[in-house]
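Chemist: Need coordinates for the following:
(2 chains)
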Amino acid sequence: MKSKKFLLLIPIIIIIAAAVMSSYYTLDNAEEAVIERFGKLHRVNTEAGLHFKLPFVDEIFIVNTNEIISLQYGYRPDSAPTATQAATYQNVESEAIVLTSGSYLINIGAVIQFRITDPAAYIYNVDDQEGTIRLAFESVLRSNIQNQDLDNALINKDSIAKEIIPDLSRKLSAYDLGISIAEVRLTDVLLPEDVQYAYDDVNIASNEKDSYRSQAEKYSNEMLPKARAEAYQMIQQAESYKAEKVAQAKGDVVNFNQVYEKYVLSQDVTKTRLYIETMEKILSVAKEKYIIDLNGDDVLKFLPLDIKGGQ
Amino acid sequence: MNINQGENRQEAKEAFEQNYTHAKTEIKKNMRFVGLLFVVILIGILLSNSFYIVKEDEIATVRELGEIKKIVVDATNVEAQKQNERDPRFKDVVVDTTKGLKFKIPFITTVEKDTSKIITYISNTAKINTQDKIKYEINMYAQWKIIHPGVFRTSLGTITRANSKIDEITYAVVIEKINSLTSLQFLANKETLESVLATAKDELNVNLASQGIMLVDIDIYRTILPPSNIESTYKKMVAEREAIAQQIRSEGLEIYQNTVADTDRNVAEIKANAIEESETIRGEADATALEVYASGFTKDPEFYEFWRTMKSYEETIDADTVLYLDKNNSYLNFFSNGQ
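Modeler: Model (predicted):
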């Protein structure tokens, strides 16, 4: 009989234990609890610590309001980075290829980070929270990139990301999702592989242009100073010619004047002396000299003055 | 064959009777238990049938013998009441905007529940043409919710059918709106597209109100070129860049040639100036020299001629000059004539 009573006690003990077990819950500092009483939203508890609830009647949904949740666009993380290995990613081609203004194509990788700020709204208002955020993000992201021309999109990814946040916040507040966007980042804005080489070639061409410019500068840097130096030399030569020429003239005049002073004193004697001195000088210089008779018969007679000269 | 047959039969009969009475009391006992259990279950069923719970993310249609008497909706819902006023068949339906535990008449009242959450509809890829005949492929999504569960239950019934309905009408309206936009407006002007889609949403909501649902938002989440145009777009991009690269290269060559030509011209100018200047200087030198000579020699031109000729002889005759002197030369006067 005792054992029978004991057997009856078991379910009662189980029920009591279950009631006790489901009559409390704990929250850490970052967690908030949405409390449903008979299915109806009772209240949201934001205080950390131990709390009591009505067993079987209250249902608790605990949400971390500090956690930053990331959603990737254009790629998905395959494995997280470890101490020995970098993170690996999987590209999602259909998402990544985006149009820009003027119907150009560009490859995009983006990430949105958000926090749940209103747990009740997050739980109750939308059927598929992440899916909905993804769709809204894709829509706003793509339309903002479509509004940019290609070169802008390639360069200004930070300013595009900043423009996305208000548009996306507006859209998500219409769905009353209860989240706040912490950050939107464009991780990659790249040209499609098929056209990358043509864009690289533009850079190469720019480098070539710079090199042409440098070569031209080198040429002018070489030629202009050289020409200036030559010009300077020519002028200096002319100047020295001038100095010489004038000095020569002045010297000649001085020389003449000196001779002339003597000449004035005794004209014939000086003239004769000068003549003879000159003849003497030139005849002593010239190695071959002949005395001839032009007035005689037809026979030319000559007298070599110097034996050596005839040889 | 069996010698003990009679005895056995007697024993069997006794055993049977004993079993029978025992079983009778057992059945009686069990019957009482089953009856009790039955009553308990009945009470349980009755009790559980006399209340219902509408959860925070649910809305409900409450019928009494099939007739919709009450709907339970979100506290913020104002559309349901308007719908009741619009449709005389629903004019007596009570709109209850509180959720949680509610009581009802067992078996007579039935409750059907639907979600109060925003539901996502995703479209197939649609091919569209803009006003200027540019082809794009778009994917749309819509966020919608049930605003009147009673009307929803009687018209569409399920979320799947509601999605089909949205698919049917949204597709056509959005495509028609985009047809009237230019590709520039459609692709590169988000404000225009946004206002066009907002208009489309309002138009569609007029239609969908009679089905008890409402679009919260419709949007195009992906616009891309048809696959056949992607390759040609890449080619276009490559060709454009090639043209730019060519231009840059030619500009480089132009800079080089222009700079070289400028330099050459500057060099020539510098040389020309130098020639001019140096020749001027030389001219001045010659002029100055002539002036000096002239002023110095005008005293006695005849003597100057003699003196200058003598100097000239000295200058012009050198060791290699061959001299032929006539014996009558005045220098040789004494040599030839001896007096």
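Chemist: In chain A, mark out all the strands, start to finish.
Modeler: A:24-27, A:31-37, A:40-45, A:49-52, A:58-64, A:69-73, A:75-79, A:88-91, A:97-100, A:104-116, A:179-190, A:288-292, A:302-304 (DSSP state E).
Chemist: Just the C-alphas of the first one, formatted as CSV.
Modeler: Written as CSV, here are the backbone C-alpha positions of strand A:24-27 (Å, rounded to 0.1, in the frame of the first residue of the first chain):
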residue,chain,number,x,y,z
TYR,A,24,11.7,31.9,-12.7
TYR,A,25,14.2,33.1,-15.4
THR,A,26,17.5,35.0,-15.4
LEU,A,27,18.7,37.8,-17.5
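Chemist: in it, what counts as buried?
Modeler: Neighbour-count burial for strand A:24-27 flags A:25, A:27 (criterion: 16 or more other CB atoms under 10 Å in any protein chain shown). C-beta: built from backbone N, CA, C; applies to glycine.
Chemist: Flag the shaky bits of the stretch 151-300 of chain A, pLDDT-wise.
Modeler: A:296-300 (pLDDT under 70).
Chemist: try the stretch 1-150 of chain B
Modeler: Across the stretch 1-150 of chain B, the ranges flagged by pLDDT under 70 are B:1-8.
Chemist: if we go to 50?
Modeler: The stretch 1-150 of chain B contains residues with pLDDT under 50 at B:1.
Chemist: Output the strands of chain A as JSON lines; include the columns distance to chain B.
Modeler: Output for the strands of chain A, formatted as JSON lines (distance: least, CB to the nearest CB, whole Å):
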{"stretch": "strand A:24-27", "distance to chain B": "18"}
{"stretch": "strand A:31-37", "distance to chain B": "6"}
{"stretch": "strand A:40-45", "distance to chain B": "3"}
{"stretch": "strand A:49-52", "distance to chain B": "19"}
{"stretch": "strand A:58-64", "distance to chain B": "9"}
{"stretch": "strand A:69-73", "distance to chain B": "11"}
{"stretch": "strand A:75-79", "distance to chain B": "16"}
{"stretch": "strand A:88-91", "distance to chain B": "16"}
{"stretch": "strand A:97-100", "distance to chain B": "6"}
{"stretch": "strand A:104-116", "distance to chain B": "6"}
{"stretch": "strand A:179-190", "distance to chain B": "13"}
{"stretch": "strand A:288-292", "distance to chain B": "4"}
{"stretch": "strand A:302-304", "distance to chain B": "8"}
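Chemist: and the ones you listed, which one is worst for confidence?
Modeler: Mean pLDDT is lowest for strand A:302-304 out of these, coming in at a mean of 59.
Chemist: Please report how far residue B:112 lies from residue B:76.
Modeler: Counting by CB to CB, to the nearest Å, the gap from residue B:112 to residue B:76 is 21 Å.
Chemist: whoops, I mixed them up, residue B:267
Modeler: For residue B:267 relative to residue B:76 (CB to CB), the value is 86 Å.
Chemist: for residue A:282, same thing?
Modeler: In this structure, residue A:282 and residue B:76 are 134 Å apart, going by CB to CB.
Chemist: All the strands of chain B, in order from the start?
Modeler: Remark: strands assigned in chain B by DSSP E are B:51-54, B:58-64, B:67-72, B:94-96, B:100-103, B:109-115, B:119-122, B:126-129, B:135-146, B:213-224, B:322-326.
Chemist: more crowded one of residue B:112 and residue B:76?
Modeler: residue B:112 (16 against 9; other CB atoms under 10 Å in any protein chain shown).
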